[in-house]
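Enquirer: sequence? don't have it. structure:
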């Protein structure tokens, strides 16, 4: 069975600094997608970044980038130049042939002014 | 594009009554919709997969007679919590989309059963 693990329940970062959130997953599939979602206090799930497993190049979206290590089944999120608005719960998610999302337990990110 | 509307955003109901939550794809046709439940400070738990024109597929442990799902059109899925009890109080979120273009989440519904 596929699993997604986020080992950091909470992280803190100083404003304008860089932080990395960790995610590991387990699957026997070769073709799948990985995602990072942000959930602010409003609880709206917002897609931050998406990575297709067949792509070797790491996805980047402005200040957000990932380090995708397929062999190690690792998918970390780096947030550069952290802003107060980045404070939220971040969920790592996996989706493969069954089309179901499997979510990690989340990491609460605090941004310190 | 890819906007998913979920209604209501908040609902309070009396124990024993039923509540319907709607999930609509506003600018695309969604062949598949998912319903999730999220307890405070926890992750999203998939309850069921709703496919247009067919019966929903429920995850293990989810009572299909309690959580009725109807996906009558390509733009609308509904989740009805029947005979609600306080333990059903939770945050319910839908997502809609297609496998080719990905899935978008609704804004969620906070259900409180008193």
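Expert: Thanks, I have the structure now. This structure is a prediction, so every number in the text was calculated from the model and none was measured.
Enquirer: Which of the three states applies to the residue most central in space within chain B?
Expert: Nearest to the geometric centre of chain B sits residue B:35, at 3.8 Å (CA atoms, centre = their mean). State at residue B:35, reduced to three classes by DSSP: H, G, I helix; E, B strand; the rest coil: strand.
Enquirer: my read: it touches residue B:69, true?
Expert: Yes - with contact defined as CB atoms under 8 Å, residue B:35 counts as touching residue B:69 (6.3 Å). Heads up, the C-betas are built off the backbone N, CA and C, glycines and all.
Enquirer: what do those two both touch?
Expert: Shared contacts of residue B:35 and residue B:69, defined by CB atoms under 8 Å, 6 or more residues apart in numbering or on different chains, comprise B:48, B:50, B:77, B:79.
Enquirer: So which of these are in strands?
Expert: Of the shared contacts of residue B:35 and residue B:69, the ones assigned to strands by DSSP state E are B:48, B:50, B:77, B:79.
Enquirer: burial of the third one, as a residue count?
Expert: It stands for residue B:77. Neighbours of residue B:77 under the rule other CB atoms under 10 Å in any protein chain shown: 29.
Enquirer: The first one now?
Expert: Using other CB under 10 Å, residue B:48 has 22 neighbouring residues.
Enquirer: One more: the second one?
Expert: Burial of residue B:50 is recorded as 25 neighbouring residues (other CB under 10 Å).
Enquirer: So it sits against residue B:35, correct?
Expert: Yes - between residue B:50 and residue B:35 there is a contact at 6.6 Å, judged by CB under 8 Å.
Enquirer: coming back round to it: how far away is the residue nearest to the centre of chain B from residue B:11?
Expert: Per CB to CB, to the nearest Å, residue B:35 is found 15 Å from residue B:11.
Enquirer: Contacts only, for the residue in chain A that chain B sits nearest to.
Expert: Relative to chain B, the nearest point of chain A is residue A:45 (3.8 Å; CB to the nearest CB). Counting by CB under 8 Å, 6+ apart, residue A:45 makes contact with A:37, A:38, A:39, A:91, B:44, B:93, B:95, B:105, B:108.
Enquirer: Would you show me how to pick out the buried ones of these in PyMOL?
Expert: In PyMOL, this line selects whichever of the contacts of residue A:45 come out buried by 16 or more other CB atoms under 10 Å in any protein chain shown:
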select buried, (chain A and resi 37+38+39+91) or (chain B and resi 44+93+95+105+108)
